[in-house]
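1. test case, fold it:
(chains A, B and C)
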Amino acid sequence: MTRHHNEMCFATLEHPKPWTLKAYESVGGYRAWRKILAERPPRRDLIEQVKASGLRGRGGAGFPTGMKWSFMPDCEESYLVCNADESEPGTCKDRDILRFNPHALIEGVAIACYATGARAGYIYLREEFTDEPHFRLRAALREAYETGMLGSDIRGSGITINLFDTLGAGAYICGEETALLESLEGKKGFPRFKPPFPANYGLWGRPTTVNNVETLALVPGILRREPGWFDGVGTEKSPGTRCFSVSGHVSRPGNHELPLGTPFADLLELCGGVWKNRELKAVIPGGSSVPVLPAEAMADLNMDFESLAAAGSMLGSGAVIVMDETTDMVKVLQRISRFYFQESCGQCTPCREGTGWLYRVLTRIVEGQGTEGDLKILEEVPARIEGHTICALGDAAAWPVQGILRHFRGEFEHYIRHGKSMVGPS
Amino acid sequence: MSDILTSDLCDRIDAWLGRFPAEHRRSAVLGALREVQKEYGHLTPERMDAVADYLGLPAIQVYEVGSFYTGFQHQPVGRHTVAVCTNISCWLRGGEEILAHIEKSLGIRAGESTEDGRIFLKSEEECLAGCCGAPMMQVDHVYHENLTPEKIDKILEALS
Amino acid sequence: MSDPVTITLNGRAVEAAAGEMLIAVADREGVPIPRFCYHPKLSVAANCRMCLVEVEGARGPVPACATPVMDGMEVQTRSEFAREAQRATMEFLLINHPLDCPICDQGGECELQDLALEYGSDISRYSEARRVVLDPDLGSLVSTDMTRCIHCTRCVRFTEEIAGEQELGAFGRGEFMKIGTYIQRAMNSELSGCVIDLCPVGALNARPSRMSARAWELDNHPGLGEHDGVGSRLSRHTLRGRQIRCVPLVEETINESWLSDRDRFSYQAAAHPDRLCWPLARHRNSWVRVSWEEALDQAAAALAESGEKAGLIHPSSTVEECFRFQQLLRSCGARTVEHRARMSDFRGGRQHPHVPTLGCTMDQLAESDVIVLLGSFLRHDQPILNYRLRQAVNSGTEVWIINPAPFDWNFAPTQEAVLSPRIWLTLLHTIERSPAAAGRKSGTRFSEQLAQRLGEAENALFWLGPLALNHPDASLLYASVRNLCKQTGTRLGTLPEGANAPGAWLTGCVAHRGPGGAAMDGMDLSARIQEPPDLWVFYGMDPACDVADPAQLRRALAAARTTIGFQSFIPDPEHLPYDLLLPIPTVGERSGHLINLEGRWQSMTAAVPPPGEVRDGAEALVELLRATGHAPGLAGASLVAHCRGLEGRTVRVEKPPRSGKRLSDKGLLRVGSPSIYQQDPASRHAHALQQSELGRDLVLRLHPETLRKHGLTNATHARLSQDGETLELPLVADPRMPRDCVYLVTGDARLGLLGNAFGEVDLRHV
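-> Model prediction:
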């Protein structure tokens, strides 16, 4: 029913051992990299090609990838860092890319190193990927070195690129690119104040590009296809495909790589619709930190950057969290707020002090002890966190509160007035 | 090499060190602490001191890292680590009930270990990126998805 | 400096340098921006979010501390938008901050309290339980009330960036993040007290003055550091004539905004129970209180009746005291007047320049390419000078160190040679003679490399520390270094002990030179000890601790008829046979001038009156001078003018001796200099300093091989004997120690009357 389903990052899925070099090469893998090794094009040409494809970062912020690469100065020592610290609640696509198509990532990192002038690339996996995702990546790295895709003076090209796998140790904040760099340097994951941006002052103070797994895994596919293919897929402002992790109250949760702009209804159908024949209540369309949208807003919505922005939310990490009619939105918010409270790094004041405050107020409401004044706190405290912090975790903690309160205020009022939920068994 | 950092542990730490330029030994802190924890089950100030010594860092910098990341344990814990995801996607599909089931059947609360030292039930706050297989858990970092109480009982029983 | 730019600050056009942080520009322009984490001397953290301001075109409020100015930037610090952001931060800071201001030492001088007045609300909307944090024990100097901590991390950044050793950290995360040491461990930085000044709230306070006064009741008295040659500017805070605490004054060219713990906490000595408060005369084995008149009469009579006399004065005494001291002694015919009591080689006494200096100002340190340090643990000898040296290292200055023991530096020396003092002279001769010093090719040895660096450096400096100045062959070392410096165009500086060594030299408190360097037919201290005088006068120094060889001096004292002490503390009568004790002021009670090692004159006035019948020291000396029938002349200001005039005198500098090595090569050599809080009687009587980590250690440091040779491989303690005294001390094996040496600090009363700090010792099993 859907065009271009799983054609890029998940292209090897049909293969019996999709994670192997053989599987990857059978779908055209490493063709782009071999061509670069043979022709040694000026790195700026590659940046232009990526710019032309319209590729935007798949980590959450959606920054144009080619432009990010173009910020990298020509210098002796610079780095490419792949953010494989996938941890935005609801998101599990990068894990599947690592498990099922690690070579796409490796080729993407190699190309990105070349295009940004980096001599080495670091792939930073979250500690929870220690087992299968890390094992598969390591095996693939070994294969890539053995077949002469990486290393010193690769295939006599004079090009030297080394890739290293590293692991975190358990911290959501390390998904923030500068916290990740700090962690790579062996420090606490305290985000850095920007500017300077990593392109000027990154890993060990050297110019650094940080890209998400999916972003990098898309690059080889973009380069090996004819120009115009990728931006021909998707919409004008959201070219290409993207991986959606559909979770929550659907019949068949799953990762689906689809053209941007795919109607939400199609995505939902692909996942078997809302489970248990229930009605759709709400969707968090881009990972737990983006504002929730009610069913009515989702009905005719297309899944692309601009449509979600127009609806008052964001495409974020592509995690689509579906909630049915029985969902207690106050408890949803309490659970989400607990997460940001626990994962706040503690560095800056509004997030350190504000996330705990929000969680405690929500807990009081859920326990039937809420007051009318608490609604005002839920309105004002997030506004005092949002935009006031060093990194985006503050915003991530504020937006869900604002979103759920905007669309489901009645549920909070019910809790406060009656001491219990208005949904579910009474 | 010291009493704490055996030659085998030093080799494993060196493997992490090998990923970074020689002047950036600090970068291997996370890797070194993970290896030490893998060896001994949990971190202690003495073990962190040994890492600081080996990497040539002020001990306080190692303590900071050791106390920041939730993957590091500072008390003795059970041999197998069970981490149940209760974050939003799993929560919507019964993650909390799964956790409650495990707590009940092991007779411990999240954050505790069984008396026989077999299982450590980690207090997990993060989403474990298994959302499409919710509810899910990790046992020693191995994913177990689409859990039911029956499935869990089998998995836990198999742990030695 | 980058290009100038123009920004609009609250509607006013302001010039700034591109890239300067907004908060620095605002501070310069007198535009107040609230802040907690920002400190001009520390790295930017941007974590408190109090300095959020409005910048035209920015998406949200921006932190002024981390926002570089750009041309045309329009900034509002007081707009409703900016103030709402600032109010928001204040609300968050206050939700978990205990409102225990009435019992908080910081009350009245608390940055949070001050800003809360402006930005805070009188009602907290936070109705949850507040955070409570357990307090770490940071030792005797810094008290902790961490529930009040607002996590600005100034203290953490200070220990890492300024003190040079990260002792504090932020542990855990989020709301539960704690500032502390993680494990129970006291701070052992020599600058630890600075975290008290830096802490914007009452989380870190001064332990010695905890709960003893409200900030607004205190009187401020500008003063000086009285323990080392830096001359830090400070303010003594007093309450009803009592010293309560001491804080740094900002003097960018000296101590910037820092202060050593020694200067900060030594005021406690003033209230020590052993203070000497009135004149005491010896009667059999106890003291009898006498009046000043009686005391002066007795002293004058003794001076008149005695034959040969000798006077030793502490190098922290003021210019006025030094001048009067030598005037008194010399009027009475004394040939030995000395402030260098820890020195034992006085040969070639006139080879030294008139007044010792660093060889440059502290501000010029960073201009040096190479600085060589021979014989000093500068961190403990002169903490602030060491900080300034560390800053120079951070800006690219090379520091080469030669010491008898490995010390715990807070910067990375370019090279550090740990060598037995027995071979220092040979090493210096090798460097002198190395062709590399004359600009020719060099080898790989330390001496050759150093010679080459000195030869090629445009701006080099060679420092002789106390361990070189007090070396048994100090004169030969000095001669060699002087020659080397001449050859290579290197400046020569010395680091003598005390707060006023230049003043002691200038006024003639050296045997061979009178005021202004006038040649004197003096008898140096070591010769004097061999030929003991009838009468000794000690001024502000402890003959058991502040001398090169306490055992030898003790024997010389036994031969004297009279010993007079101008002291601030009552000595143990068993310990030293004084006949007369005259009370003089101690830290914070003294008025007068000190000359620091840059040659800078600074004056101080007493912050509090001294206790009891204690008299100003210089005045007491004048009284005694009169009592001996001599006219003091030069009253008041004219004395200072006279002494300043002495600076311009031309002094003949003689050729130094080049041979006659005295330090024997036999046996185990003891080596050491006073530990940080044992350098003068006042620090020895400052309780909190003595209780602190740095104040406590008394160990024998040896090479493991040396321990083995003495059969002490597994021993924890050993018995050290020297000159008839035996002590049992803990052992520390240190593979970097020279094999023929044992390092042991000096100046500590617990060491009893051991012999020379550079003497042969015997080491045995306990």
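2. so, low pLDDT: which residues of chain B?
-> Residue ranges of chain B with pLDDT under 70: B:1.
3. which positions in it make contact with chain C?
-> Within chain B, the positions lying close to chain C (Cβ under 8 Å from any Cβ of the partner chain) are B:45, B:58, B:60-61, B:63-64, B:67-68. Placement of C-beta: from N, CA and C, glycine included.
4. so which of those wins on neighbours?
-> Highest neighbour count within these, by other Cβ atoms under 10 Å in any protein chain shown: residue B:68, with 29 neighbours.
5. which bits of the stretch 151-300 of chain A sit near chain C?
-> Within the stretch 151-300 of chain A, the positions near chain C by Cβ under 8 Å from any Cβ are A:171, A:188, A:193, A:195.
6. so what's the third one scoring on pLDDT?
-> Right, the one you point to is residue A:193. We have a pLDDT of 94 for residue A:193.
7. contacts only, for the closest residue to residue C:705 other than its chain neighbours.
-> Nearest non-adjacent residue to residue C:705, counting by Cβ to Cβ, 6 or more residues apart in numbering or on different chains: residue C:739, 5.6 Å away. By Cβ atoms under 8 Å, 6 or more residues apart in numbering or on different chains, residue C:739 lies in contact with C:420, C:703, C:705-706.
8. where does pLDDT dip in the chain?
-> I went with chain A, as the question did not name one. Scanning chain A with the threshold set as pLDDT under 70 gives A:1-2, A:424-426.
9. nope, chain C please
-> Across chain C, the ranges flagged by pLDDT under 70 are C:1-2, C:441-442, C:573-576.
10. the closest residue to residue C:518 other than its chain neighbours and chain B, how far apart?
-> When the adjacent residues along the chain are set aside, residue C:518 lies closest to residue C:508, with 7.0 Å between them (Cβ to Cβ, 6+ apart). Residue C:508 sits 48 Å away from chain B, going by Cβ to the nearest Cβ, to the nearest Å.
11. confirm residue C:508 sits in a strand?
-> No: according to DSSP: H, G, I helix; E, B strand; the rest coil, the state of residue C:508 is coil, so it is not within a strand.
12. hang on, the earlier thing: what is the nearest of the contacts of residue C:739 to chain A?
-> Using Cβ to the nearest Cβ, residue C:703 comes nearest to chain A of the contacts of residue C:739, at 33.8 Å.
13. what about residue B:81, how many residues nearby?
-> Counted by other Cβ under 10 Å, the residues lying close to residue B:81 total 19.
14. hang on, it packs against residue B:122?
-> Yes: between residue B:81 and residue B:122 there is a contact under Cβ atoms under 8 Å: 5.4 Å.
15. follow-up on the earlier one: out of the residues of chain B next to chain C, who's near chain A?
-> Near chain A, by the rule Cβ under 8 Å from any Cβ, you find B:61, B:64, B:68 out of the residues of chain B next to chain C.
16. and those, which is closest to residue C:579?
-> Relative to residue C:579, the closest of these is residue B:61; by Cβ to Cβ it sits at 57.8 Å.
17. now for the closest one: which residues touch it?
-> Taking Cβ under 8 Å, 6+ apart as the criterion, residue B:61 is in contact with A:186-187, B:26, B:29, B:52, C:166, C:169.
18. would you list those in CSV and tack on secondary structure?
-> Compiled in CSV, the contacts of residue B:61 are given as follows (three-state DSSP):
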residue, secondary structure
A:186, coil
A:187, coil
B:26, helix
B:29, helix
B:52, helix
C:166, coil
C:169, strand
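19. ok, so of the residues you listed, who is nearest residue C:340?
-> Comparing these against residue C:340 with Cβ to Cβ picks out residue C:166 as the nearest, at 37.9 Å.
20. you'd agree residue B:81 is in a helix?
-> No: according to three-state DSSP, residue B:81 belongs to no helix; its state is strand.
21. partners of it in the sheet?
-> residue B:120 (DSSP bridges).
22. OK, contacts around it?
-> Going by Cβ under 8 Å, 6+ apart, residue B:81 touches B:119-120, B:122, B:138-141.
23. ok, residue C:336 to residue C:526 distance?
-> 10 Å (Cβ to Cβ, to the nearest Å).
24. out of these two, which sits in the busier spot?
-> Neighbour count, other Cβ under 10 Å: between residue C:336 and residue C:526, residue C:336 has more, with 23 against 19.
25. bridging residues for that one?
-> residue C:310.
26. how about the nearest residue to residue C:626, chain neighbours excluded?
-> Nearest residue to residue C:626 in three dimensions, chain neighbours excluded: residue C:632, at 6.5 Å (Cβ to Cβ, 6+ apart).
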